[in-house]
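Asker: Starting from these lines, generate the structure:
(2 chains)
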Amino acid sequence: MSQHHSAHRRAAVIGTASVLAVALTACSVPASSGEEAAEPTPGVTDTTVTIGTHTPLTGPAAAGYSSISAAASAYFAYLNDQGGVHGREIEYIVKDDGYNPATTQTVVRELVQQDEVFAIVNGLGTPTHTAVLDYLNQNEVPDLFVASGSTSWNQPEKYPFTFGFNADYVVEGAALAQYAADTQPGKTICLLGQDDDFGDELIEGAELALGEGGLAHIERYSVSNQDVTAQIGALQAAGCEINLLATINGFTALALGTAAQFGWFPMWFSSSSGADYPTLVGYLGEEVGPKLLQGLTGANYLPALDGDDEWVTLFREINDEYNDGAPFDGNTIYGMSVAYLFAEALAAAGENPTRQSLLEAISSGELAGNGILPLSFSADSHAAYLGVGISQVDMGAQDYVGKTYAVEGGKVVEVQASPVALTGKGVPGS
Amino acid sequence: MSRILPSLTGVRRTIVFGAAFTVLAIASSFVLDPFRNFQLATIAATFCATAGLTVLIGWSGQLSLGNAALMAAGGYGYALTANALTDAGVDGVPRFVLALLAAVVAAGALGLLLGLAGARLHGPYLAGVTLALVVALPAVTSVFSGVFRGDQGLQIAYDGVPPLLRTVVAVEQWQAWVAILVTGVTVTALAAVTRGRLGLRMRAVRDDETAARLSGVRAGRVKVAAFTLSAVTAGAGGAVLCFVTQSVSPGAYTLAFSLLLVVAVVVGGVGSLGGAAIGSALIVMLPWLVGWATSLLDLPSEVSQRLSGNVSVLVFGLLLIVVTLARPGGLAGLRPRTRKPSATPVVPAPADTARTDAALPAASPPDPVSSIHH
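Answerer: A predicted model of the protein is given here:
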């Protein structure tokens, strides 16, 4: 017995020692950044502002969204070359979370505690960002312009540090359904939705426009299962003529492709999160993509890809110069628009920005952004856009059709679009 | 080598040493920054699960590839109960304890069912069943999304630092304490159980099931008990992880993670609790260390994007090969296998280490036809 004991004790001592050793060596790593903790505002020095994001660079959602953070980085590089904001360069740390909420929690903690970012900007995804919503607010880290249309971000009382960016999914669902009802009366409208708040809220919006039970059939899918054959089959069997999509880009492509395999070609009305034409062509291939996507109806609130907007012209130039001429798509516009909005907020936060002054600048309601509608930020609203325009793909070009809807007082109403004009070469405060 | 406190023997020794290690680990949380404390808490939760798994594989000879699903059962049990209690107005310590109990019961019940099926299967067949469980997890959460909320998973209310300690410790440190405490109690209890009669029977069944049955050991029951035991520890680990991150989602318990748990057990040394601790620290720290190292290299973004998440898989593979070749007993075994048994900390070493050292499924009895009676 005694040998057993000594063996076990020895092993256990070694075990604990190794655990401690690993932990301690790791501890010594961030010592340099630890020194800066004494500064009053995390992430802000005399010459830099450090911000971070979580986004899928690997995994099922990566192909549809990884270009967003690259575009935002390109805009910040452009901005830094123009002198930055109040003389400070913006450092944008991008962390891959693979669209997995569990990974998001780890990388966001790393950004906040280790990299000590000033703010999290444009964290991407409904399920992923939901996992860090409480954490960021408990730690009082500004959580700006979340890349998702969930209404969760618009709860100023409960989450004072969080602001959304996308038009919320209730608004998108309402607008798409209303447009379907207005232009295609009498058609059977169904919905394919992601199995989370994204799907739930698009359904809620659609029912706002169509009335309770206005959707003939609803199917849900889960991101972790890359097969929607059963769902598409059920939609076809239900005799759907218009399918609303609460799908991320990869699953929009999957849904269209699967339906085409069945020889079924209904009309598709997609949320802005899954309606980016070039990205979808990338998924479906140059061969069949353009044919399948002809007539794809989407919601959007940013300058349209193929419209003649001066923002798009500027963003194309930035993309060529600072993003190695990466394919220019809706994600590029999206990423640069978010980056511009952050720069605008930072400029408004004053010469010596603090987390508090940044939040106040956004809540003041004075930010303009670059959308087709005014921003809705105020002390009581942390939603960016409460209305969307309807876009359509025609002969490979995606542009607005001239219909814009908003949700006001629980009703869907048609409104007039009022695009924000480009000022000062897209450099805030210049 | 002389023995520390030679007068201390039996279960009391296990408890004293378990308590000592727990206090030591809690003390170490003071020298760590918040992010390191978060990692420490994650290691503790993982250790909870790998400890049960190492006993299951090394002592009872049953290979489970699906213990992540059992952790998930614990996590969901914890989250559902915690949310129900929050709605009922219960919070603080009672909520934590009740939810933890529910987690352990949920995972234990699932483990019991799995064990009942598993006791009739051997080696790769058992591994297959457990594998199916973890593969099915996302589908289950998505089919019953009314309860489990699909891929998004469940969020729970936040347990802050108790007011008394608020000036002393940060949130992450407090969470690390809770994680270490739960793990300490769980692993000590596991060690106490396995060093007793059940441990002896497990080893008897592992080494020769027929001989064990001839000696009056009810092999089926022992196997089911071992499976349930490992499920209970996995459940506790899942509950702790849920407490630390305030959420549970299928993405946290992927097939890759489930296999990593087995890697942790094998690298640390099959059947060794100290080894499970080392292995858990490795699977939590290594991906982070690799990511940190690659970020130092200043690679072009294209390359680092490709490497992200993939290098650590490669490193784990290499580590597994090197450890298996250089030190078949795992990292916890101090000396080469020249003399006495080499593995096992808080519990006595398995009688026959040659058996433990041989690859996993080999530990199952040689006669696959022998049936089990309950």
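Asker: tally of neighbours for B:Pro124?
Answerer: B:Pro124 has 14 neighbours, counted by other CB atoms under 10 Å in any protein chain shown. For the C-beta atoms, the positions are set from N, CA and C on the backbone; glycine is no exception.
Asker: How about A:Phe262?
Answerer: Neighbours of A:Phe262 under the rule other CB under 10 Å: 12.
Asker: Identify the residues contacting it.
Answerer: Applying CB atoms under 8 Å, 6 or more residues apart in numbering or on different chains, we find A:Phe262 in contact with A:232-233, A:236.
Asker: which residues sit in contact with B:Gly196?
Answerer: Applying CB under 8 Å, 6+ apart to B:Gly196 gives the contacts B:Val11.
Asker: phi, psi of it?
Answerer: phi -90, psi -150 (degrees, to the nearest 10).
Asker: from memory A:Pro160 sits against A:Leu359, does it?
Answerer: Yes. Counting by CB atoms under 8 Å, A:Pro160 touches A:Leu359, with 7.4 Å between them.
Asker: Show me whatever sits in contact with both of the two.
Answerer: The contact sets of A:Pro160 and A:Leu359 do not overlap (CB under 8 Å, 6+ apart).
Asker: Spit out the contact partners of A:Val171.
Answerer: A:Val171 touches A:149, A:205, A:385-388, A:405-407, counting by CB under 8 Å, 6+ apart.
Asker: about what we covered before: so if I had to pick from A:Pro160 and A:Leu359, which one is more boxed in?
Answerer: More crowded of A:Pro160 and A:Leu359, by other CB under 10 Å: A:Leu359, with 21 against 16.
Asker: about what we covered before: any chance of the contacts of A:Val171 in CSV with secondary structure, distance to B:Trp288 and neighbour count as columns?
Answerer: Output for the contacts of A:Val171, formatted as CSV (DSSP: H, G, I helix; E, B strand; the rest coil; distance: CB to CB, whole Å; neighbours: other CB atoms under 10 Å in any protein chain shown):
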residue, secondary structure, distance to B:Trp288, neighbour count
A:Gly149, coil, 32, 34
A:Gly205, helix, 40, 29
A:Tyr385, coil, 37, 27
A:Leu386, coil, 40, 20
A:Gly387, strand, 43, 27
A:Val388, strand, 40, 33
A:Tyr405, strand, 46, 25
A:Ala406, strand, 45, 20
A:Val407, strand, 43, 23
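Asker: isn't B:Val224 right next to B:Leu114, touching?
Answerer: No. If you go by CB under 8 Å, B:Val224 and B:Leu114 don't touch, sitting 9.2 Å apart.
Asker: give me the beta-bridge partners of A:Leu413?
Answerer: Wrong residue type there; residue A:413 is Val, not Leu. Beta bridges link A:Val413 to A:Ala406, judged by DSSP bridges.
Asker: Any idea how many residues pack against the nearest residue to B:Ala264 once chain neighbours are set aside?
Answerer: Among residues not flanking B:Ala264 along the chain, B:Gly279 sits closest, at 2.9 Å (CB to CB, 6 or more residues apart in numbering or on different chains). B:Gly279: 33 surrounding residues under other CB under 10 Å.
Asker: Against B:Ile43, how distant is B:Gly279?
Answerer: Going from B:Gly279 to B:Ile43 by CB to CB, to the nearest Å gives 10 Å.
Asker: where exactly do the helices run in chain A?
Answerer: Here chain A has its helices, by DSSP state H, at A:2-28, A:31-35, A:62-81, A:101-109, A:126-138, A:169-183, A:197-210, A:229-237, A:249-261, A:277-284, A:289-293, A:310-322, A:330-348, A:355-363.
Asker: of all the ones you listed, which has the lowest average per-residue confidence?
Answerer: Confidence, taken as mean pLDDT, is least for helix A:31-35 of those (a mean of 39).
Asker: Please tell me I have it right and B:Arg206 contacts B:Leu56.
Answerer: No. Assessed by CB under 8 Å, B:Arg206 is found out of contact with B:Leu56, at 10.3 Å.
Asker: wait, A:Val401 sits on A:Val388?
Answerer: No. The criterion here is CB under 8 Å, and A:Val401 misses it with A:Val388 at 11.9 Å.
Asker: wouldn't B:Gly118 be in contact with B:Lys223 here?
Answerer: Yes. At 7.0 Å, B:Gly118 and B:Lys223 qualify as touching, with contact defined as CB under 8 Å.
Asker: Find residues that contact each of the two.
Answerer: Common neighbours of B:Gly118 and B:Lys223, counting by CB under 8 Å, 6+ apart, are B:Gln62.
Asker: of these two, who's got more company?
Answerer: Relative neighbour count places B:Lys223 above the other of B:Gly118 and B:Lys223, with 27 against 24, counting by other CB under 10 Å.
Asker: which residues touch A:Tyr135?
Answerer: Applying CB under 8 Å, 6+ apart to A:Tyr135 gives the contacts A:105, A:108-109, A:112, B:246.
Asker: One more pass at 7 Å, please.
Answerer: A:Tyr135 makes contacts with A:Val108, as judged by CB atoms under 7 Å, 6 or more residues apart in numbering or on different chains.
Asker: Next: the one 3 residues further on.
Answerer: Under the criterion of CB under 7 Å, 6+ apart, the neighbours of A:Gln138 are B:Tyr158.
Asker: A:Leu136: what's it in contact with?
Answerer: For A:Leu136, the contacting residues are A:120, A:143, A:161-162, by CB under 7 Å, 6+ apart.
Asker: which SSE is the spatially most central residue of chain B in?
Answerer: The centroid of chain B falls nearest to B:Ala49 when counting by CA atoms, centre = their mean (1.5 Å). Per DSSP states H and E: B:Ala49 is located in helix B:34-58.
Asker: Pull out the buried positions in that helix.
Answerer: Residues B:34-58 are the ones in helix B:34-58 that count as buried (16 or more other CB atoms under 10 Å in any protein chain shown).
Asker: Just the pLDDT for the residue lying farthest from the centre of chain B.
Answerer: For chain B, the residue at maximal distance from the C-alpha centroid (CA atoms, centre = their mean) is B:Pro300, at 37.3 Å. B:Pro300 is assigned a predicted lDDT (pLDDT) of 70.
Asker: before we move on, what about A:Ala38?
Answerer: Reported pLDDT for A:Ala38: 46.
Asker: now swap in the one 5 residues further on and tell me
Answerer: Residue-level confidence at A:Gly43 comes out at 91, pLDDT.
Asker: try the one 5 residues further on
Answerer: You'll see A:Thr48 listed with a pLDDT of 94.
Asker: I figured it was touching A:Val85, is that so?
Answerer: No. Judged on CB atoms under 7 Å, A:Thr48 makes no contact with A:Val85 at a distance of 10.5 Å.
Asker: Counting neighbours around each, name which of those two comes out higher.
Answerer: Neighbour tally, A:Thr48 and A:Val85, criterion other CB under 10 Å: the higher count belongs to A:Val85, 26 against 14.
Asker: check contacts around that one.
Answerer: Going by CB under 7 Å, 6+ apart, A:Val85 touches A:343, A:346-347, A:428-429.
Asker: List the contacts of the residue positioned nearest the centre of chain A.
Answerer: Residue closest to the average C-alpha location in chain A (CA atoms, centre = their mean): A:Ala147, at 1.9 Å. Shown in contact with A:Ala147 (CB under 7 Å, 6+ apart): A:68, A:122-125, A:165-166.
Asker: Nearest spatial neighbour of residue 153, chain-adjacent residues omitted?
Answerer: In the absence of a named chain, chain A is used. Counting by CB to CB, 6+ apart, the nearest residue to A:Trp153 once its immediate chain neighbours are dropped is A:Gly164, at 3.6 Å.
Asker: could you do chain B instead?
Answerer: B:Ser249 (2.6 Å).
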